[in-house]
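*Asks:* Structure for this input, please:
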Amino acid sequence: MSPNHEDQDSLDLQRYWLILKRRWLPGCLAIGSIFGLTAALTYLQKPVYEAEGTLLFKKTNQTSSLSGMTEKVGELSGLTQMSNPLDTESEILRSLPLVKQTITTLKLKNAEGEPLKVEEFLKQLKVKSVRGTDVLDLSYRSTDAKEAAEVVNLLAKNYMENDVRTNRAEAVAARKFITKELPKIESRVLEAEQSLRQFKEANRVVALDEEAKATVAGLSDLTDQITKAQAALADANARAGSMQTQLRLDSKQAIALTSLSQSTEVQQVLTDYRQVQNQLAVQQTRYQDGHPSIVNLKRKEAALRTQLDKRVAQTLESPQSIADQNLQMGQLKQGMTADLVKLESERLGLANQVNVLRNAYVINRNRANVLPRLEQIQRGLERQLQVARTTYEELLKHLQEVQVVENQNVGNARVVSEAAAPDQPISPRILLNLALGGFLGVLAGLAVAAMLEAIDHSVKTIDEVKRLLDFPLLGTIPRFSQKSGESATIVPVRDNPYSPVSAAFEMLQTTLGFTLTDKALKVVLVTSALPTEGKSFVAANLAVSNAQMGRRVLLIDADMRRPSQHEIWQLPNFKGLSDVLVGQAEYQTSVTEGLINLDILTAGTIPPNPMALITSQRIAAVIEAARADYDFIVIDTPPIALAAEGLTLGKLADGVLLVVRPGVVNTGAIATAKSLLEQSGQHVLGMVINGIISSNESGSYYGIDRYYGYRATPELNGAKISAR
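*Replies:* This next block holds a predicted model:
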């Protein structure tokens, strides 16, 4: 913490201490009132006794635990995760039926002798859970110790009986409900089983999972077989095409020629036919066409040709035109033709195999596409069946459980300790109440002091004056004190030169001498913000202090509204400043000697309009004449917050001295005075704080009272001239 913070804390503590010193009387009255009231209430209060008992709760009753229930009837549990079962049971203990039953049974009465109301009963009842346990603590307060114990024990008994009845009622209701619902659930199970069976029969379903696996594997195998068959078919087509190109025959022709080459009838007739042709050719070289041999051979050739065509048609089972050179082939061509026929047979077989495999693939693929939908339908049917079976089994199980619970006589709670009549009351706690009353009294006293301080706008200390005014502090005048037996005086500088006030005015005189650096200070105007701040007292004693220094001093009372200097000096006031200003007296003849080197010009006759005289040219002439005749001039003027004469005369003086008295002036008046002085352009020499009470200031005003050995009196520092 910085030194500035430490100083600030110290100042705040001092300020609070001063507030307490100023407001000690109302603070003490508040403390005494609160403490006395607390003590009276404590000793007048009847003793109050508190009986206490405890209940232990378990999650389920013993019979339910033996039956293995998972969600039991009467189980102690919360509805949501945020709820606390013990809090729920606490509210049940405080419920209206149990409370009314307890009040009626014990015939409880209130202080007026009337039947106790439920609200009054609940105010005395306390139900709380013991943290970290399953225990509820019940307590009841009453002016009768025995009654308090009876209430706790009876309430616990009523609660446990109600708990058993509630559990039984829940079990009976659950049994009736289950008995009614069992036939419905059983019919649902049968319907679900029948639906599943019909589905399997209609779709030829045995095991869809296994069928799906087999179908996927079969599709893969068929794909491989189709690929291999297509490859073999392509190879056969390629070889058949090559051989057809070499033989210049297609597959049908090759088959036909092969059949003819292998037919004995065709080959025999073909042989005879060719022999006749050969014979005809030989005979035609010998004979003419009309020769009988030629004619005979031609008839024979024609007959054999007809026979050959007939045999070819019979062999091929269809009339076809076959060239003679193709009816009989050589071994090579015959072998190639046989190979071509074999290839054609192989190709046809492969083509048929590919078609069969493709048809099988399509069938399996269509089945595979249907399987997911069938599986979905089957799962839905199985799920419905499973739900129905599970519900049916659970209902059967709970039916047995609630039948057991229905016959049990054990609740969820038991009494751990019964309440006993207490020996000692819990209220009133005398020492605690008195201590609390004292504490509250101190708080009330502090609050009263703070409130009075807040509504009091008067300035009370030097520090507050410094904070509100930025003017230099030229002096602090202590509250005038005197020795025992001395007569009161308001000019202590003259009558008591060894008093603290005299020392303070000597200090003020010295500091005033330092206010002007370019010329000597000669004319000083003394004023204040409000009356009774002691401006006339300061003006008179400042004049005396300067006169005692051997200077010729003139004290002018320019407060023509409520003058006071003639009273301070006990002088006549038949003529004075007002008479001089209106021309009814001369300045030199109106001055009266008060002390050696000190002359006084009183206010004179109080005029109807003092401001008109102050603004006249004659006042300036009077002050100029006084400057020539005197070494130091003190002008006492009205308070500037109430009259404007001081602001006007301030222009004729060398400077203004503002008198401030803590406890009299307030913050509003100080703000007004400061604003008026600044706006009117006054040369403010500084301020002097009057009527300082050392006990109200921090540091005890530097111990000046102890040094001078004076005691304070409440009648001085201008207090007698209250309007000044």
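*Asks:* which residues of the stretch 201-350 of the chain fall in strands?
*Replies:* Counting by DSSP state E, counting those that start in this stretch, the stretch 201-350 of the chain has no strands to list.
*Asks:* quick one: low-confidence parts of it?
*Replies:* 205-206, 208-209, 211-212, 244, 246-263, 265-267, 308-309, 312-340 (pLDDT under 70).
*Asks:* tell me the domain boundaries of this protein?
*Replies:* The domain map for the chain lists 1-42+428-456, 46-263+369-426, 464-712, with the assignment taken from automatic domain parsing.
*Asks:* can you put those in CSV and add distance to residue 354 and mean neighbour count?
*Replies:* Where C-beta positions appear, they are placed from N, C-alpha and C, glycine not excepted. CSV is the format used below for the domains of the chain (distance: least, CB to CB, whole Å; neighbours: other CB atoms under 10 Å):
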stretch, distance to residue 354, mean neighbour count
domain 1-42+428-456, 103, 14
domain 46-263+369-426, 5, 15
domain 464-712, 115, 19
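*Asks:* do you know which of those domains lies nearest residue 343?
*Replies:* domain 46-263+369-426 (4.4 Å; CB to CB).
*Asks:* can you give me the end-to-end distance of that closest one?
*Replies:* Length of domain 46-263+369-426, first residue to last, CA to CA, to the nearest Å: 11 Å.
*Asks:* export the domains of the chain to CSV and tack on distance to residue 344?
*Replies:* Shown next, in CSV, are the domains of the chain (distance: least, CB to CB, whole Å):
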stretch, distance to residue 344
domain 1-42+428-456, 117
domain 46-263+369-426, 4
domain 464-712, 130
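*Asks:* Quick one: closest of these to residue 291.
*Replies:* For the domains of the chain, the distance to residue 291 is smallest for domain 46-263+369-426, at 33.6 Å, taking CB to CB.
*Asks:* How far off centre is that closest one?
*Replies:* Chain-centre distance of domain 46-263+369-426: 37 Å, with CA atoms, centre = their mean, to the nearest Å.
*Asks:* isn't residue 603 right next to residue 568, touching?
*Replies:* No: in this structure residue 603 lies outside contact range of residue 568 using CB atoms under 8 Å: 11.9 Å.
*Asks:* hang on, the earlier thing: which one of the domains of the chain lies nearest to residue 350?
*Replies:* domain 46-263+369-426 (3.9 Å).
*Asks:* Rounded mean pLDDT for stretch 534-552, please.
*Replies:* The average pLDDT within stretch 534-552 is 94.
*Asks:* Skipping its backbone neighbours, what lies nearest residue 627 in space?
*Replies:* Distance criterion CB to CB, 6 or more residues apart in numbering; nearest residue to residue 627, sequence neighbours excluded, is residue 522 at 6.1 Å.
*Asks:* Next, the contact list for the one you found, please.
*Replies:* 627, 631-633, 654 (CB atoms under 8 Å, 6 or more residues apart in numbering).
*Asks:* Need the three-state assignment for residue 498.
*Replies:* Secondary structure, DSSP: H, G, I helix; E, B strand; the rest coil: residue 498 is coil.
*Asks:* Could you pull up phi and psi at it?
*Replies:* phi -100, psi 10 (degrees, to the nearest 10).
*Asks:* ok so, going back, overlap of the contact sets of residue 603 and residue 568?
*Replies:* Counting by CB under 8 Å, 6+ apart, nothing touches both residue 603 and residue 568.
*Asks:* distance of residue 541 from residue 630?
*Replies:* 17 Å (CB to CB, to the nearest Å).
*Asks:* An error on my part: the question was meant for residue 383.
*Replies:* In terms of CB to CB, residue 383 sits 124 Å off from residue 630.
*Asks:* Residue 646 now?
*Replies:* Taken as CB to CB, the span from residue 646 to residue 630 is 20 Å.
*Asks:* all helices for the stretch 451-600 of the chain, in order.
*Replies:* 462-468, 492-495, 500-512, 535-548, 565-568, 577-581, 587-590 (DSSP state H, counting those that start in this stretch).
*Asks:* Can you lay out those helices as CSV showing distance to residue 674?
*Replies:* Shown next, in CSV, are those (distance: least, CB to CB, whole Å):
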stretch, distance to residue 674
helix 462-468, 8
helix 492-495, 28
helix 500-512, 20
helix 535-548, 16
helix 565-568, 26
helix 577-581, 27
helix 587-590, 33
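*Asks:* For residue 29, which of these is the nearest?
*Replies:* The nearest among those, by CB to CB, is helix 462-468 at 25.6 Å.
*Asks:* so what secondary structure elements neighbour that closest one?
*Replies:* strand 473-478, helix 667-679, strand 684-692 (3 or more CB pairs under 8 Å, 6 or more residues apart in numbering; DSSP states H and E).
*Asks:* Adding mean pLDDT and distance to residue 118, write these out as JSON lines.
*Replies:* Shown next, in JSON lines, are the helices and strands packed on helix 462-468 (pLDDT from 0 to 100; distance: least, CB to CB, whole Å):
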{"stretch": "strand 473-478", "mean pLDDT": "90", "distance to residue 118": "71"}
{"stretch": "helix 667-679", "mean pLDDT": "90", "distance to residue 118": "58"}
{"stretch": "strand 684-692", "mean pLDDT": "91", "distance to residue 118": "67"}
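*Asks:* For residue 98, find the nearest of the ones you listed.
*Replies:* Short answer: helix 667-679, nearest of the helices and strands packed on helix 462-468 by CB to CB, at 65.1 Å.
*Asks:* Tell me which residues are up against the closest one.
*Replies:* Contacts of helix 667-679 (CB under 8 Å, 6+ apart): 457-459, 465, 468-471, 528-530, 640-641, 647, 650, 656, 658, 660, 684.
*Asks:* And stretch 147-159, by the same measure?
*Replies:* By CB under 8 Å, 6+ apart, stretch 147-159 touches 49-53, 55, 92-93, 98-99, 101-102, 105-106, 108, 125, 138-142, 413, 415, 418-422.
*Asks:* now that stretch: mean pLDDT?
*Replies:* 87.
*Asks:* Next: stretch 393-404.
*Replies:* Per-residue scores along stretch 393-404 average to 79.
*Asks:* Offset the numbering so it begins at 29, please.
*Replies:* In the new numbering, first residue 29, that becomes stretch 421-432.
*Asks:* partners of residue 684 in the sheet?
*Replies:* Judged by DSSP bridges, the bridge partners of residue 684 are residue 553, residue 712.
*Asks:* try the one 10 residues further on
*Replies:* With DSSP bridges applied, the residues forming beta bridges to residue 694 are residue 486.
*Asks:* now it: how far from residue 561?
*Replies:* With CB to CB as the criterion, residue 694 and residue 561 are 11 Å apart.
*Asks:* Check residue 645 too.
*Replies:* Residue 645 is 31 Å from residue 561, by CB to CB.
*Asks:* name the element residue 63 belongs to?
*Replies:* helix 52-72 (DSSP states H and E).
*Asks:* CA atoms only for that helix, dumped as CSV, please.
*Replies:* Provided in CSV are the C-alpha atoms of helix 52-72 (Å, rounded to 0.1, in the frame of the first residue of the first chain):
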residue,chain,number,x,y,z
TRP,A,52,-22.2,10.8,20.8
LEU,A,53,-25.4,11.8,22.6
PRO,A,54,-28.0,10.6,20.0
GLY,A,55,-25.8,7.6,19.3
CYS,A,56,-25.8,6.6,23.0
LEU,A,57,-29.5,7.1,23.2
ALA,A,58,-30.0,4.7,20.2
ILE,A,59,-27.7,2.2,21.8
GLY,A,60,-29.5,2.4,25.1
SER,A,61,-32.9,2.1,23.6
ILE,A,62,-32.1,-1.0,21.5
PHE,A,63,-30.2,-2.7,24.3
GLY,A,64,-33.0,-1.9,26.9
LEU,A,65,-35.7,-3.1,24.5
THR,A,66,-33.8,-6.3,23.8
ALA,A,67,-33.2,-7.0,27.5
ALA,A,68,-36.9,-6.4,28.3
LEU,A,69,-38.1,-8.7,25.6
THR,A,70,-35.6,-11.4,26.6
TYR,A,71,-36.6,-11.4,30.3
LEU,A,72,-40.4,-11.2,29.5
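*Asks:* Thanks a lot, catch you later.
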